[in-house]
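In: What would the 3D arrangement of this be:
(chains A, B, C and D)
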Protein chains: 4
Amino acid sequence: MSQQSPKIGFIGLGRMGLGMASNLQRKGFPLTVYDINKDAVGALVKLGAQPAASVAEASRGCDIVITMLPNSAIVSEVVGGADGVLANTAGGALVMDMSTVEPEVTDRLAAEAKQQGKSFVDAPVGRLASHADRGESLFMVGGAEADFQRVLPMLQAMGSTIHHCGEAGAGTRTKLVNNYLAVVSCQLNAEALTLSQRFGLSLEKTLEVLYGTTATNGQLKIAWPDKVLKGDISPGFTIDLAHKDLTLIVSAANTAKSPMPIGAAAKEAFSTARARGFGGNDFSAMVDVLCDLSHTEKPRLKQ
Amino acid sequence: MSQQSPKIGFIGLGRMGLGMASNLQRKGFPLTVYDINKDAVGALVKLGAQPAASVAEASRGCDIVITMLPNSAIVSEVVGGADGVLANTAGGALVMDMSTVEPEVTDRLAAEAKQQGKSFVDAPVGRLASHADRGESLFMVGGAEADFQRVLPMLQAMGSTIHHCGEAGAGTRTKLVNNYLAVVSCQLNAEALTLSQRFGLSLEKTLEVLYGTTATNGQLKIAWPDKVLKGDISPGFTIDLAHKDLTLIVSAANTAKSPMPIGAAAKEAFSTARARGFGGNDFSAMVDVLCDLSHTEKPRLKQ
Amino acid sequence: MSQQSPKIGFIGLGRMGLGMASNLQRKGFPLTVYDINKDAVGALVKLGAQPAASVAEASRGCDIVITMLPNSAIVSEVVGGADGVLANTAGGALVMDMSTVEPEVTDRLAAEAKQQGKSFVDAPVGRLASHADRGESLFMVGGAEADFQRVLPMLQAMGSTIHHCGEAGAGTRTKLVNNYLAVVSCQLNAEALTLSQRFGLSLEKTLEVLYGTTATNGQLKIAWPDKVLKGDISPGFTIDLAHKDLTLIVSAANTAKSPMPIGAAAKEAFSTARARGFGGNDFSAMVDVLCDLSHTEKPRLKQ
Amino acid sequence: MSQQSPKIGFIGLGRMGLGMASNLQRKGFPLTVYDINKDAVGALVKLGAQPAASVAEASRGCDIVITMLPNSAIVSEVVGGADGVLANTAGGALVMDMSTVEPEVTDRLAAEAKQQGKSFVDAPVGRLASHADRGESLFMVGGAEADFQRVLPMLQAMGSTIHHCGEAGAGTRTKLVNNYLAVVSCQLNAEALTLSQRFGLSLEKTLEVLYGTTATNGQLKIAWPDKVLKGDISPGFTIDLAHKDLTLIVSAANTAKSPMPIGAAAKEAFSTARARGFGGNDFSAMVDVLCDLSHTEKPRLKQ
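Out: Predicted structure coming up:
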């Protein structure tokens, strides 16, 4: 019946998934939800969602199942496993994985879905958890045009910027390229601002110059002034997660035989930061790590 | 006599200096000029400048001497040498070096000038030679406030953006930090876009995504679309010059004991580019080098 | 019955495993063997071994099961999977994995074995396939002393150097440290000899000097003169395998929060070699890759 | 008079030069010596040498002048300067520079000497200061065969291993290649042993394994057991000097367009060590720096 709204399963209510699912539920997409964390499920139930006792139960009878999970292994198991999403949905169903995973996992699951007469969309998420809470995420979507149109209303409920990047797999790959630039920019900025500090330059004046030339970058200009440069290193995105993303990206690049010399150097800078116990800080705090390493005063904007 | 305009010497009429001196001469600052290249001197003479036969002659009697020279060794010799600018100017004179040099050279010359009762301003130049031609350069200026005011009218004749970064030496150091970010960004973009190409992503779509997130940077967004991404690798700023700047920066950082892990990796990427014969191309063409290395199609925007 | 020889299963008859199993079978250790490659199984059957139709069949009733497999995922499945070695052996059995895998996989399988009242030994293999053929391998063994004694006669049949490195897991970890040094040495030598070639030095004279100082290393002194330096780049150990090992090692180091700046740089040098199509060459040919990159004559000893 | 021994000047009595000159003087080569350090000159005078008041005085009338100086700039000045060795020696004289300098400086001085009808030999020194004291240095010599024969008796008085590497310039270049391997090996070993420590392996057992494979290297096997691995980090060769050599080598490689990806990464590891205040320690202590960075126990052999 065409007027009937699709039955939607949502699996994975972590720091990002919780906000995303909440927005869906609140904006008219009734969900069946599952997570191993009962509190997170409870929060959605309060908003009107149906709880499920398992991945299978969250998938059965659904037109669309959305997954938002921590890593490739879990996505493989939850979507493609013996009692997973694909095993518990009917032909014609659409699976949308919004996790950040290895491209090979995306490709394999997309191929399995296709073989079963189902649709697969990868739609990893940009921006921070706070954006997800407010329904202001950015999505990089891979999938056939018809499938993209099918999930578009839901993406619009969860985010404010939606890019259709190409066929299945293109969303995941675009996210890797995007995060590569953002994460390595942090180490680049760390080296530049540590040098500036060692040089004894005025931080405010230096930034004024940099912001007006092609030396600038989004992290330095948009993200950092509200984080490390004003002394806030509470995690919007942790050094640990940045390291995880870099690991994923360098690995995918190695598989694609695309050399990454500064990517690899940046990854070890993040490794050093983690070895020193700074993994839980915001990734803009990479500059603090380098200043600490070299006994240099941390860069902080005058209030 | 207060109404009299200062006597100005200008030494160094290379690719940048020629444009800068021409703007000065045309906009009411009569110059005495010197360069080893007679043609360059001739071009200024046509605009009304006085030719000098030597550094000494270009310096003698001047209130202000401007130098725009290729490297630290030449600046040391021309400004501080036995028959150089300092040796041929009177107390009260001001020397403004606009070359890009090692900070230690700037510091040493500034100290020598001070000891002789003279002023020293370092004012290295940002942007491209084409900007210098049009009087649209950016200057990062180090020097005492009074000295800065003394050269400001001249800087305004040569450029459109002028930053007073601090005391003598601060201009040179700010330029190094600025160029560090711009040059390493090119290798960062090279790695990201080569990966994107290997992934088979649409260049236009990928850039659309990147330009809207904190992954973006000035090189990728402003410089590259008009250079390598439309197939123009003629040099605005060559890979050889970028390598020279990186060498200067990493060396200055080593002296300052400020570690540069990705800077060093980037420098060797530029070394590889030069070893392969691409040193004369625009530095945005670093992406072509990496694509060539990995047998990948070069990224070009559809017309 | 104490006089009875143990029943031994051997799973994995690849380039290394085939030689190792053949030595065991020939030297008085009757094997039940399994591999997906029927030809390899056939070769062992000709030497007197019993063929098995599955991992399960090769494991059932065995006192000792030896595995020699390509990677972590396959070892996990074959040893720990639903129909794997552990599932098909009785309490008291000993599993010896001789593959090169992630330390976490070794640890997990050792823990599972222990829980089931079985023994686990990790004994990865050093040296080349040609050594394995001749029963001259080197083994780095992790396991309890009693378990080590139990497998020692078999190790002696397969190799000529046996190190008991510590408890279960210590063999795998020692191999990673060992291969780290050997593999990165190749890139180090590549850079040094390319520089020597660019400098126009005599290869013979340079090596004579290096061999007499602490600048030397085992790859340069022992391995290279018989491989790349005499023009033989046929694989004893391929660049692809070296890259795989480096990936394993850097990943294990990242997990252990042990920074690897030159390891990461070396890995990308191997990535570049693979991107350029040299992955199938011997890993000493890294110097040819760098010479090729920089248009330099390859180093070859005069006959 | 043919029987007369040559008149020899020796300039530069630093930590290495003092031992070298002392051996010469003691073994029958009467010297005229100069150094800015009067105490060092005094020590040689006690052994019977003639003191000189200047470079010029130490050079005048000499058949052979030996220089052993800290860096390229000083060598340029002392040998090639207005009142230097070349300016104060007659045609037919031989200058032997034993300093470690940029190859371009060696080449330039050799060319100047040749133009003046003089001979030039570069003979940089291997091994430690303690070897120089005992007359057990290693020399890498560049120069024409006749010139080499002319200085050979002196080299034999100062050292125990003498390599004639080729024409003038070949000694300097061979030393750079040699030191490149030795210095980067230290960072390589630092990464490997830090990983080994993080892995909880036995240091003694790990070294036993490594020493028997191609993973070994001269630093690990010969130098380290008597230095950092037994807790002695007093400088045989400091991290600061290793960094200086690496800077020289990477710069020479950049000039030669020979890429150095792991050399550059190693240099920044040494930069980090210096930034953290460890520059005065022996270069084997790079492993302590990395262990310190990653909160890992330092590797020490059990007594």
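
In: where does chain A come near chain C, residue by residue?
Out: By the rule Cβ under 8 Å from any Cβ of the partner chain, the part of chain A lying against chain C is A:243, A:247, A:251, A:253-254, A:257-261, A:263-265, A:267-268, A:271-272, A:274-275. For the C-beta atoms, the positions are set from N, CA and C on the backbone; glycine is no exception.

In: Let's see that with 10 Å instead.
Out: Where chain A comes near chain C, counting by Cβ under 10 Å from any Cβ of the partner chain, the residues are A:243-244, A:246-247, A:250-251, A:253-277, A:279.

In: Of these, which ones also sit close to chain B?
Out: A:250, A:253, A:255-269, A:272.

In: Can you select the buried ones among the residues of chain A next to chain C for me in ChimeraX?
Out: Per 16 or more other Cβ atoms under 10 Å in any protein chain shown, the buried members of the residues of chain A next to chain C correspond to this ChimeraX selection:
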select /A:243,244,246,247,250,251,253,254,256,257,258,259,260,261,262,263,264,265,266,267,268,269,270,271,272,273,274,275,276,279
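
In: among the residues of chain A next to chain C, which are in strands?
Out: Among those, no member falls in strands (DSSP state E).

In: burial measure for the residue nearest to residue A:6 when sequence neighbours are not counted, as a count.
Out: Spatially, and ignoring its direct neighbours in sequence, residue A:6 is nearest to residue A:63 (3.8 Å; Cβ to Cβ, 6 or more residues apart in numbering or on different chains). For residue A:63, the count of nearby residues is 16 (other Cβ atoms under 10 Å in any protein chain shown).

In: Could you measure from residue A:63 over to residue A:92?
Out: Remark: distance between residue A:63 and residue A:92 (Cβ to Cβ, to the nearest Å) = 8 Å.

In: again with residue A:154
Out: With distances taken as Cβ to Cβ, residue A:154 is found 17 Å from residue A:92.

In: These two: which is more packed in?
Out: Taking other Cβ under 10 Å, residue A:154 and residue A:92 do not tie; residue A:154 has more neighbours (24 against 10).

In: Show the average pLDDT along whatever helix or strand the more buried one lives in.
Out: In this assignment (DSSP states H and E), residue A:154 forms part of helix A:145-158. For helix A:145-158, the mean pLDDT works out to 98.

In: roughly how far out does that helix sit from the chain middle?
Out: Helix A:145-158 has its C-alpha centroid displaced from the chain centroid by 18 Å (Cα atoms, centre = their mean, to the nearest Å).

In: The residue nearest to residue A:6 and residue A:5 touch, don't they?
Out: Yes - the criterion here is Cβ atoms under 10 Å, and residue A:63 meets it with residue A:5 at 9.0 Å.

In: between those two, what contacts are shared?
Out: Common contacts of residue A:63 and residue A:5 (Cβ atoms under 10 Å, 6 or more residues apart in numbering or on different chains): none found.

In: so what's the closest residue to chain D within the stretch 1-150 of chain A closest to, chain neighbours aside?
Out: Closest residue of the stretch 1-150 of chain A to chain D, Cβ to the nearest Cβ: residue A:71 (22.9 Å). Excluding the flanking residues, the one nearest residue A:71 by Cβ to Cβ, 6+ apart is residue A:101, at 6.8 Å.

In: Quickly list what the spatially most central residue of chain A is bridged to.
Out: Nearest to the mean C-alpha position of chain A, counting by Cα atoms, centre = their mean, stands residue A:125 at 4.4 Å. Going by DSSP bridges, residue A:125 is paired in beta bridges with residue A:139.

In: which residues touch it?
Out: For residue A:125, the contacting residues are A:16-17, A:19-20, A:68, A:98-100, A:131-132, A:137-140, A:155, A:158-159, A:171, A:175, by Cβ under 10 Å, 6+ apart.

In: how close does it get to residue A:54?
Out: Counting by Cβ to Cβ, the gap from residue A:125 to residue A:54 is 24 Å.

In: For chain B, tell me whether stretch A:193-211 is touching it.
Out: Yes - using Cβ under 10 Å from any Cβ, stretch A:193-211 reaches chain B at A:193-202, A:205-206, A:208-211.

In: What of stretch A:144-158?
Out: No - Stretch A:144-158 lies out of reach of chain B by Cβ under 10 Å from any Cβ, never closer than 12.7 Å.

In: okay, that stretch in CSV with CA atoms only?
Out: The C-alpha trace of stretch A:144-158 is given here as CSV (Å, rounded to 0.1, in the frame of the first residue of the first chain):
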residue,chain,number,x,y,z
ALA,A,144,21.9,3.6,-7.1
GLU,A,145,19.9,6.7,-7.8
ALA,A,146,16.6,5.0,-7.0
ASP,A,147,18.0,3.7,-3.7
PHE,A,148,19.3,7.1,-2.9
GLN,A,149,15.8,8.6,-3.5
ARG,A,150,14.3,6.0,-1.2
VAL,A,151,16.5,6.9,1.7
LEU,A,152,16.7,10.6,1.1
PRO,A,153,13.8,11.6,3.3
MET,A,154,15.4,9.8,6.2
LEU,A,155,18.8,11.4,5.5
GLN,A,156,17.1,14.8,5.5
ALA,A,157,15.6,14.0,8.9
MET,A,158,19.1,13.2,10.3
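
In: about what we covered before: show me what the helix holding residue A:154 is packed against.
Out: strand A:8-11, helix A:17-26, strand A:64-67, strand A:94-97, strand A:119-122, strand A:137-142, strand A:159-166 (3 or more Cβ pairs under 10 Å, 6 or more residues apart in numbering or on different chains; DSSP states H and E).

In: May I see the ones you listed arranged in CSV, with distance to residue B:215 and mean neighbour count as well?
Out: Putting the helices and strands packed on helix A:145-158 into CSV (distance: least, Cβ to Cβ, whole Å; neighbours: other Cβ atoms under 10 Å in any protein chain shown) gives the following:
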stretch, distance to residue B:215, mean neighbour count
strand A:8-11, 27, 28
helix A:17-26, 21, 24
strand A:64-67, 24, 26
strand A:94-97, 21, 27
strand A:119-122, 18, 27
strand A:137-142, 11, 27
strand A:159-166, 13, 20
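
In: Dump these into TSV; add distance to residue C:46 as well.
Out: Putting those into TSV (distance: least, Cβ to Cβ, whole Å) gives the following:
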stretch	distance to residue C:46
strand A:8-11	53
helix A:17-26	58
strand A:64-67	51
strand A:94-97	50
strand A:119-122	48
strand A:137-142	51
strand A:159-166	53
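
In: so which of these gets nearest residue A:233?
Out: Of all the helices and strands packed on helix A:145-158, helix A:17-26 sits nearest to residue A:233, with 22.1 Å by Cβ to Cβ.

In: what distance separates that closest one from the middle of the whole chain?
Out: Distance, centroid of helix A:17-26 to centroid of chain: 15 Å (Cα atoms, centre = their mean).

In: try stretch A:91-98
Out: When C-alpha coordinates are averaged (Cα atoms, centre = their mean), stretch A:91-98 and its chain have centres 19 Å apart.

In: now do stretch A:293-303
Out: 29 Å.

In: do the same with stretch A:205-215
Out: Chain-centre distance of stretch A:205-215: 29 Å, with Cα atoms, centre = their mean.

In: Ok, stretch A:281-296 next?
Out: 23 Å.

In: And for stretch A:254-271?
Out: Offset of stretch A:254-271 from its chain centre (Cα atoms, centre = their mean): 19 Å.

In: And what about residue A:222, helix, strand or coil?
Out: State at residue A:222, reduced to three classes by DSSP: H, G, I helix; E, B strand; the rest coil: helix.

In: does the closest residue to it other than its chain neighbours sit in a helix, a strand or a coil?
Out: In space, and not counting its chain neighbours, residue A:222 is closest to residue B:214: 5.3 Å by Cβ to Cβ, 6+ apart. Secondary structure assignment for residue B:214 (three-state DSSP): coil.
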